[in-house]
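*Asks:* Turn this into a model:
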Amino acid sequence: QTRKPHLIGWEVCCLPKIKGGLGISPHQMNEVFIMKMLWNMINKPDDLWCKVLYSKYGRDKDLQTSINAQPYNSSLWKVLAGIGKSSRIIWFGNWAMDNI
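*Replies:* So this is what the prediction gives:
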């Protein structure tokens, strides 16, 4: 007998733990997916969708150090630029222990 993963709808995952959900907010999931897109843009720049975004917005800069958004840019690019701001660097997050 093989074990199969149980599929649960997002509406259940987003319920509070008290109500039997996982306590994940849709905002958190959205941010995770956007960070994954940014990670893929940095690590897989030859993917077609990355090339399109680079050619339209990339300005031939290294996204690991610089990503900027202009008022006329798409919503996607503005969100990616927001994730890339120095105030959001994970090493400065509250989860990092002081003695590391």
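
*Asks:* residue contacts, L76?
*Replies:* M37, L53 (Cβ atoms under 8 Å, 6 or more residues apart in numbering). Using the backbone N, CA and C atoms, a C-beta is placed for each residue, glycine as well.

*Asks:* can you check K44 too?
*Replies:* C50.

*Asks:* Going forward, count from 30.
*Replies:* Renumbered: residue one is now 30, and that last one reads K73.

*Asks:* max-length helix in this structure?
*Replies:* Assignment by DSSP state H gives helix 55-72 as the longest helix of the chain.

*Asks:* Please export the C-alpha coordinates of the helix or strand that it is followed by as PDB.
*Replies:* The helix or strand immediately downstream of helix 55-72 is helix 77-82, counting by DSSP states H and E. Written as PDB, here are the backbone C-alpha positions of helix 77-82 (Å, rounded to 0.1, in the frame of the first residue of the first chain):
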ATOM      1  CA  LEU A  77      12.200  32.700 -21.300                       C
ATOM      2  CA  TRP A  78      10.000  34.500 -18.800                       C
ATOM      3  CA  CYS A  79      13.100  35.900 -17.000                       C
ATOM      4  CA  LYS A  80      14.500  37.100 -20.300                       C
ATOM      5  CA  VAL A  81      11.200  38.900 -21.000                       C
ATOM      6  CA  LEU A  82      11.300  40.700 -17.700                       C
END
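
*Asks:* same for helix 77-82, what does it pack against?
*Replies:* helix 55-72 (3 or more Cβ pairs under 8 Å, 6 or more residues apart in numbering; DSSP states H and E).

*Asks:* Flag every buried residue along the helix it packs on.
*Replies:* Within helix 55-72, the residues that qualify as buried are M66, L67, M70, counting by 16 or more other Cβ atoms under 10 Å.

*Asks:* wait, isn't the first one in contact with L109?
*Replies:* Yes. With the criterion set as Cβ atoms under 8 Å, M66 and L109 qualify as a contacting pair; they are 6.7 Å apart.
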